[in-house]
Each structure stands twice: as C-alpha cells, then as structure tokens.
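Enquirer: what's the 3D shape of this:
(chains A and B)
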Amino acid sequence: EPEVTQTPSHQVTQMGQEVILRCVPISNHLYFYWYRQILGQKVEFLVSFYNNEISEKSEIFDDQFSVERPDGSNFTLKIRSTKLEDSAMYFCASSAMGQGNQPQHFGDGTRLSIL
Amino acid sequence: GENVEQHPSTLSVQEGDSAVIKCTYSDSASNYFPWYKQELGKRPQLIIDIRSNVGEKKDQRIAVTLNKTAKHFSLHITETQPEDSAVYFCAASMSGQNFVFGPGTRLSVLP
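Expert: All right, here's what the predicted structure looks like:
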C-alpha cells in the first residue's frame, strides 16, 4: 500500500535557526497538508496545498512558515526562525481529492526539537 | 470556525467489552467525519469515516454513527482487544476546508 514518507524522523535545531521538513506524498494524490502535534495534545492543522499554491492555512501558520513543492514529488515545510514553542511532531498528509471529501493519509511524522 | 469536542478523554475497558467514544461538532456545514487511531509515537491512521448523507457505517468490529440534527457522531468498537489500545481522534470538515480534530481519547483495553 502506498504511503506518505517524511524525512528526517527527528530534527534537533538551535532556536533561531531555519529548518526544512520534507515529505513525499502518495504519488497520485493532489492535495497536501501539514499538521502539528505538540506532545500529548491533539493534531492541529497548519496548511493545505493544491495546484502549487496554498488553499488554506490556520492562524498557527504565520510568516515564519512556508511551504513549497520544489519538484514533482517533494512537499516541504520551512520554519524560518525557530522558537522553543515550535517543538512538536509535524505530520504531512495527502489526499486524492479535496480534504473535505476524501480521507487524508498521514506520514510517520518528523519530531522537531528546538533547543 | 468549527469546534470539535470529544468524550471521554480516557477510557478503560476489559478485553471483549465494547467501547464508545463520542464527538460533537459546532458547524452544521461540516459533512465529513473521519476517525483516526494513533499508537504511541506513530502516525494517525484512518480507521473509519462517514459522510453526512449516511447515518451509520460499519467495518467489522468498528462502527460509526452520525446524528446531524444533534451534531454528534460516535465510534463504537465491539469485542475489544489489547491491540485496540491507542489514542483515538475524531475530526470534522466541510468540503474544501481543513480537518478540525477533537482532543483525543486514550483507550486502554485491559487483558
């Protein structure tokens, strides 16, 4: 069964540094998402992406965040100047159609630790 | 915006018993309701979903019911097994909108 893959599995970064989290969505999927899960809390929506542009974003997704699909397979989340409170598990997800109608399939996540 | 509440936050059942987790949502325009299971340190995995044009859906030991009028939906797990132990998240969404997740229910199935 095809899966969403994410790299790295764990990223440790100094506060103020930039990080890039990488995702390879399922190949025939068209909609891509990033979510965040702070330890022990619920999954929170960050951003959705379709047709090479952001289709929706939450209030968490402020100016320090950006997403990109640099080629036909990768989907990246960049955090420009990391803060301690950015420490969380970041999940990438993809779906075949619009997120309101089709299930989203999640990757294994990247655990981001900001020191 | 949409708000999803989930109860209980923790649930312990004996192996073989049933477990029920309930969620309520606030926006009557929401029309898609998935349930995800998340084992410790793992990805959320879709276990069942329901759309607003259906009142109930079943898949082996798992079923979901939806009451659109009352804006609540429930997950039912029958004949629970120790491997059902995990955190379960419900979510609600409208077409073209993001998923809003509930806070999760930690289910423990005791052998």
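Enquirer: Just the mean pLDDT for the host helix or strand of B:Phe33, thanks.
Expert: Per DSSP states H and E: B:Phe33 is located in strand B:32-38. For strand B:32-38, the mean per-residue pLDDT is 95.
Enquirer: For chain A, which residues are neighbours of chain B?
Expert: A:33, A:35, A:41-45, A:48, A:55-56, A:58, A:91, A:98-101, A:103-109 (C-beta under 8 Å from any C-beta of the partner chain). Yep, even glycine has a C-beta here, placed from its N, CA and C like the rest.
Enquirer: A:Leu115 reaches A:Gln11, doesn't it?
Expert: No - if you go by C-beta atoms under 8 Å, A:Leu115 and A:Gln11 don't touch, sitting 11.1 Å apart.
Enquirer: what about the two, which has more around it?
Expert: When A:Leu115 and A:Gln11 are compared for neighbours, A:Gln11 comes out ahead with 17 against 10, by other C-beta atoms under 10 Å in any protein chain shown.
Enquirer: one step back: do the strand holding B:Phe33 and chain A meet?
Expert: Yes - using C-beta under 8 Å from any C-beta, strand B:32-38 reaches chain A at B:32, B:34, B:36.
Enquirer: returning to what we had before: narrow the residues of chain A next to chain B to those that are buried.
Expert: Neighbour counting with 16 or more other C-beta atoms under 10 Å in any protein chain shown marks A:33, A:35, A:42-45, A:48, A:55-56, A:58, A:91, A:98-101, A:103-109 as buried within the residues of chain A next to chain B.
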